[in-house]
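Visitor: With the input below, show me the fold.
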Amino acid sequence: MPFQLLLALGVMFLGIATTNMAGSLGRRGTTTATGAIGISLILSAMAWSRVAPYLSTAFVSSFVEISANGYVWLGMLAAAWIYFAAKNLRLETQVAEGARAKLPPKVIVLQSPRDGERVVQEATVRGFIYPASSKPVQILIQSGAPNDLWWYPQLPGPRTDGYEWIRDRCAFGFPNIPGSRHSIVAISSNEAVTQRTKELPPDAVKSNVVTVYRY
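Guide: Numbering: from 1, shown residues only. Below you'll find the model as predicted:
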């Protein structure tokens, strides 16, 4: 096969590859596609003049007749735009899924009181939650009574200011049980805990559990 024919076929392939590469540019591909299609057509036209002499007269005549039909060109342009739109949509979907996968998990931290600290019977509990738009924070405290493993919700819930949340006068046991041991946890859940419970909601994001002691 003559070198000129190989070179011409290579140029035609380059035009097709250039058009295909435009589809991988996301939103920019819509603009780049116009130029890429034009470049592809120019390269193909240049290469066709080299390829045509090696084809039969009947084939060339048929090809010229088809290429003179405007509907053929409109169909080719429509197919190219559909291809780019589908490819861009797939790319944007992949980018969106990747962005969602990189989102940081929800975090709740109980800052005060600290683990091992002594508290009065009604004390302030505070902390922070990230991201700030998360579901409402709920505070639960164990009573400290012997064999009492229930979690008692502190109602109403804490006040929230951006990332920070705080609730005053959380109840740590009963007034007549000094020295009792209490566990505290903050959670964020779709399920509101309105009564004492031994099991936290399964979907709850939990803070660190802090243990304090009553004066």
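
Visitor: What is the neighbour count of the nearest residue to residue 194 once chain neighbours are set aside?
Guide: Closest residue to residue 194 apart from its sequence neighbours, by Cβ to Cβ, 6 or more residues apart in numbering: residue 153 at 6.4 Å. Yep, even glycine has a C-beta here, placed from its N, CA and C like the rest. Neighbours of residue 153 under the rule other Cβ atoms under 10 Å: 17.

Visitor: Let's see the pLDDT reported for residue 153.
Guide: Per-residue confidence (pLDDT) for residue 153: 97.

Visitor: what's across from it in the sheet?
Guide: residue 140 (DSSP bridges).

Visitor: so it touches residue 137, yeah?
Guide: No: taking contacts as Cβ atoms under 8 Å, residue 153 lies outside contact range of residue 137: 11.2 Å.

Visitor: list the buried ones in the stretch of helix or strand residue 123 belongs to?
Guide: Per DSSP states H and E, residue 123 falls inside strand 122-130. Buried positions in strand 122-130, judged by neighbour count with 16 or more other Cβ atoms under 10 Å: 123, 125-129.

Visitor: Also stretch 162-173?
Guide: Quick answer for stretch 162-173 (16+ other Cβ under 10 Å): 165-167, 170, 172-173.

Visitor: of the residues you listed, closest to residue 186?
Guide: The closest of these to residue 186 turns out to be residue 165 (Cβ to Cβ; 7.6 Å).

Visitor: surely the closest one meets residue 132?
Guide: No: Residue 165 is beyond contact range of residue 132, at 9.8 Å (criterion: Cβ under 8 Å).

Visitor: what's around residue 201, how many residues?
Guide: 16.

Visitor: Could you number the chain from 10 rather than 1 from now on?
Guide: All set: I'll call the first residue 10, so the last point we hit is now residue 210.

Visitor: Would you check how far apart it and residue 220 are?
Guide: Using Cβ to Cβ, to the nearest Å, residue 210 is found at 21 Å from residue 220.

Visitor: try residue 131
Guide: Residue 131 is 18 Å from residue 220, by Cβ to Cβ.

Visitor: ranges for the strands of the chain?
Guide: With strands called from DSSP state E, the chain shows them at 116-121, 127-128, 131-139, 146-151, 160-162, 168-170, 173-180, 190-197, 214-215, 219-223.

Visitor: Parallel or antiparallel, which strands does the third one pair with?
Guide: What it means is strand 131-139. Paired with strand 131-139 in the same sheet, following DSSP bridges, are strand 116-121 (antiparallel), strand 173-180 (antiparallel).

Visitor: Okay, the residue nearest to residue 117 when sequence neighbours are not counted and residue 178: tell me how far apart.
Guide: Closest residue to residue 117 apart from its sequence neighbours, by Cβ to Cβ, 6+ apart: residue 216 at 4.1 Å. Per Cβ to Cβ, residue 216 is found 19 Å from residue 178.

Visitor: same thing with residue 158?
Guide: The value you get for residue 158 to residue 178, if Cβ to Cβ is used, is 23 Å.

Visitor: Give the bridge partners for residue 170, please.
Guide: Applying DSSP bridges to residue 170, the residues it is bridged with are residue 173.

Visitor: quick revisit: JSON lines for the strands paired with strand 131-139, including distance to residue 195?
Guide: Below are the strands paired with strand 131-139 laid out as JSON lines (distance: least, Cβ to Cβ, whole Å):
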{"stretch": "strand 116-121", "distance to residue 195": "5"}
{"stretch": "strand 173-180", "distance to residue 195": "8"}
